[in-house]
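**Q** Got a predicted model here, sequence first, then my questions.
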Amino acid sequence: MSKKSNCNHSVESPCPIRGIIEIISKRWTICITSLLEPGKPMRYSELKNKLRGISPKTLSDTLKVLENENFIERRVYPETPPRVDYSLTEEGVELKQAIMPLVRWTQKRGTPHIGDHVC
C-alpha cells in the first residue's frame, strides 16, 4: 500500500524542494560549497586538506552528488598524471549565496566547525 502525500506543491510548501534539502542537509555539502569560490577551482587534495575529518570515499561521493546535481563542475585535464579540479557552477554559486546567511548565523552563535572550512 503506497502512502499518499498531503503536500500541495505550492510555492510555500517545502515539498518541491525536498530533494535539495536532502542534498544540502548533509554536512559535507555545505562545507564543500562554502569552500569553493567562483572562478577559483580547487583540486581534490586541496579540498581534502581543508576538510578535516572527511574520508576520501565520503569526499569522492559528495563531489559526485554535487556534480550530478549541477552544483559543481569537475574538470579533467589531459596531463600525466591527470589533473582534476572542481569549481562551482552557476547553480552552485546560487546555492552558496542561499546558504551563506545560514553559515554566518551559525558562526555568530558560536557553533563550532560550521563555515570555518574545517567542518
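**A** Perfect, thanks for sending it.

**Q** Low-confidence bits of the protein, can you list those?
**A** For the chain, the stretches flagged by pLDDT under 70 are 1-16, 111-119.

**Q** redo that, cut-off 80
**A** For the chain, residues meeting the criterion pLDDT under 80 lie at 1-25, 27, 103, 110-119.

**Q** residue nearest the centroid of it?
**A** Thr29 (3.0 Å; Cα atoms, centre = their mean).

**Q** Quick check, that residue in contact with Leu66.
**A** Yes. With contact defined as Cβ atoms under 8 Å, Thr29 reaches Leu66; the gap is 6.6 Å. C-beta: built from backbone N, CA, C; applies to glycine.

**Q** list residues touching both of these two?
**A** Residues touching both Thr29 and Leu66 comprise Ile23, with contact defined as Cβ atoms under 8 Å, 6 or more residues apart in numbering.

**Q** circling back: check which helix or strand the residue nearest to the centre of the chain maps to.
**A** Per DSSP states H and E, Thr29 falls inside helix 27-35.

**Q** Mind giving me the packing neighbours of that helix?
**A** For helix 27-35, the packing partners by 3 or more Cβ pairs under 8 Å, 6 or more residues apart in numbering; DSSP states H and E come out as helix 18-24, helix 44-50, helix 56-68, helix 90-109.

**Q** That helix relative to helix 90-109, how many degrees between them?
**A** Relative orientation of helix 27-35 versus helix 90-109 (axes from the mean of the first three to the mean of the last three Cα atoms, to 10 degrees): 100 degrees.

**Q** what residues does helix 27-35 touch?
**A** 23-24, 42, 47, 50-51, 54, 58-59, 62-63, 65-66, 71-72, 88, 92, 95-96, 99-100, 103, 114-115, 117, 119.
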